[in-house]
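*Asks:* My questions are about this predicted structure, shown below with the sequence.
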Amino acid sequence: MDLTTQYLGLQLKNPLVPSASPLSHSVDSMKRLEDAGAAAVVMYSLFEEQIEHEADAFDHYFKQGTGSHAEAVDYFPEASEYNLGPDQYLGLLRQAKEALGIPVIGSLNGVSTGGWIEYAAKMQEAGADAIELNVYYIPTSVKVTGPEVEDRYVDILREVKSAVRIPVAVKLSPFFSSMAHVAQRLDHAGADGLVLFNRFYQPDFDIEQLEVTPNVVLSTSDAIRLPLRWIAILRGQVRTSLAATTGVHTATDVLKLLMAGADVTMMCSALLKHGPGRITEVLQDLDRWMMEHEYVSVAQMKGSMSRNSVADPSAFERANYMKALNRYQ
């Protein structure tokens, strides 16, 4: 079977890509993902806050005592004495590019425009084949309007695009009043791909300690319904590549998302649960299903169940909502 696919202008050997996760914290771990069959890997995110913290810390050490001694350069700390998160990230990215034979995608996570965006260019210099821009923004002020939220995404994308030549994908949340319009705005602003969707990890309460605590719940296959619907709707309406993430656990999940119109399917929870070998299993099942159903390539099925291709496009709209409620027993 021909499992090749195009994503962000990159030719990939199959549509399985590990998404940003702790599995990319070392070259050895990323190498295991490649050996299992991953077509590319998205590195874990470099956060705006990490970059700003390093800048503040360095500025503090840089200025401390510089007016009191002619050889103030001796006051500079050893690298291990202050936060080098961003530099370590770039170093790991360089090592990954040297060790792996598949594309390596850097992940930049932030919520504002500013100096941290220069790290997109540094990722490019380190060898990244593309950048995934993760705008993990939760507007909590009642004064922030919907258009202002959309503008933030577009402005950050434009700044990153102006800093690099490599492809840039935007990882989105589903919480927009007009998802299709936002996708089109980002498409027109230069996004090379859209990654659907970001999972907002909801906090929990510890009622004994009276604390708000983080709580990560891994996805299940049921979670593909949201990206499945929107990828099927957007396929043919935007020019960008479309990546599906959230809920990709089995070959069936992959097949559904490809038929909806995804160019790649990104795995995280399944790999955290079962390890890199899960990629091999899914690829084998994918190949077997395609052979049994007489598909010769991924390209042949891609988008075959999108809104533009099915006989009843209303299945993705209000009609499906009414049918679902009326049929439930």
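*Replies:* Right, received. Where do you want to start? Just so it is clear, the model here is predicted, and its values are computed rather than measured. Residues are numbered from 1 along each chain as shown.

*Asks:* what about the stretch 201-329 of the chain, any weak spots by pLDDT?
*Replies:* Along the stretch 201-329 of the chain, segments meeting pLDDT under 70 span 201, 318-329.

*Asks:* The same query, at a cut-off of 90, please.
*Replies:* Judged against pLDDT under 90, the low-scoring parts of the stretch 201-329 of the chain cover residues 201-220, 307-329.

*Asks:* Please, where are all the strands along it?
*Replies:* Read by DSSP state E, counting those that start in this stretch, the stretch 201-329 of the chain holds these strands, from start to end of the chain: 204-206, 211-213, 241-245, 264-267.

*Asks:* okay if I get those strands as TSV plus mean neighbour count and distance to Thr5?
*Replies:* From N, CA and C alone the C-beta is placed, and that goes for glycine too. Output for the strands of the stretch 201-329 of the chain, formatted as TSV (neighbours: other C-beta atoms under 10 Å; distance: least, C-beta to C-beta, whole Å):
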stretch	mean neighbour count	distance to Thr5
strand 204-206	11	38
strand 211-213	10	39
strand 241-245	27	9
strand 264-267	28	6
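
*Asks:* can I get those strands in CSV with distance to Ala130?
*Replies:* CSV is the format used below for these (distance: least, C-beta to C-beta, whole Å):
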stretch, distance to Ala130
strand 204-206, 34
strand 211-213, 34
strand 241-245, 10
strand 264-267, 11
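
*Asks:* For Lys143, find the nearest of those strands.
*Replies:* Lys143 sits nearest to strand 211-213 of all these, at 23.0 Å, using C-beta to C-beta.

*Asks:* What is that closest one packed up against?
*Replies:* Counting by 3 or more C-beta pairs under 8 Å, 6 or more residues apart in numbering; DSSP states H and E, the packing neighbours recorded for strand 211-213 are strand 204-206.

*Asks:* looking just at contacts, which helices and strands does the strand it packs on meet?
*Replies:* With 3+ C-beta pairs under 8 Å, 6+ apart as the test, strand 204-206 has strand 211-213 packed against it.

*Asks:* Can you list the neighbours in contact with the strand it packs on?
*Replies:* When contacts are defined by C-beta atoms under 8 Å, 6 or more residues apart in numbering, strand 211-213 is touched by residues Pro203, Asp204, Phe205, Asp206.

*Asks:* from those, which single one is nearest Lys302?
*Replies:* Distance to Lys302, by C-beta to C-beta, is smallest for Pro203 among the contacts of strand 211-213, at 37.5 Å.

*Asks:* what's the distance between the closest residue to Val160 other than its chain neighbours and Val254?
*Replies:* Setting aside the residues directly before and after it, Val160 is nearest to Ala120 in space (C-beta to C-beta, 6 or more residues apart in numbering), at 4.7 Å. For Ala120, the distance to Val254 equals 29 Å [C-beta to C-beta, to the nearest Å].

*Asks:* next one: Ile279
*Replies:* For Ile279, the distance to Val254 under the criterion C-beta to C-beta works out to 11 Å.

*Asks:* Please apply the same query to Gln95.
*Replies:* The span separating Gln95 from Val254 equals 29 Å under the rule C-beta to C-beta.

*Asks:* repeat for Lys273
*Replies:* Plainly put, Lys273 is 16 Å away from Val254 if you go by C-beta to C-beta.

*Asks:* higher neighbour count, these two?
*Replies:* With neighbours defined as other C-beta atoms under 10 Å, Lys273 and Val254 compare such that Val254 has more, 26 against 12.

*Asks:* isn't that one right up against Gln284?
*Replies:* No: counting by C-beta atoms under 8 Å, Val254 stays clear of Gln284, with 11.8 Å between them.

*Asks:* Give me the common contacts of those two.
*Replies:* With contacts defined as C-beta under 8 Å, 6+ apart, no residue is adjacent to both Val254 and Gln284.

*Asks:* What is the burial count for Ala189?
*Replies:* If we define neighbours as other C-beta under 10 Å, then Ala189 has 15 of them.

*Asks:* what does Val144 give?
*Replies:* Other residues close to Val144 by other C-beta under 10 Å number 12.

*Asks:* that's a strand at it, yeah?
*Replies:* No: read with DSSP: H, G, I helix; E, B strand; the rest coil, Val144 is coil and lies in no strand.

*Asks:* Can you name the residues in contact with stretch 44-51?
*Replies:* Counting by C-beta under 8 Å, 6+ apart, stretch 44-51 makes contact with 20-22, 24-25, 83, 85-86, 89, 106-112, 114-116, 119, 123, 134, all of which sit outside it.

*Asks:* quick one: the strands in the stretch 51-200 of the chain?
*Replies:* 104-109, 130-134, 168-172, 193-196.

*Asks:* Kindly reformat those strands as JSON lines containing mean pLDDT.
*Replies:* Shown next, in JSON lines, are the strands of the stretch 51-200 of the chain (pLDDT from 0 to 100):
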{"stretch": "strand 104-109", "mean pLDDT": "96"}
{"stretch": "strand 130-134", "mean pLDDT": "96"}
{"stretch": "strand 168-172", "mean pLDDT": "96"}
{"stretch": "strand 193-196", "mean pLDDT": "98"}
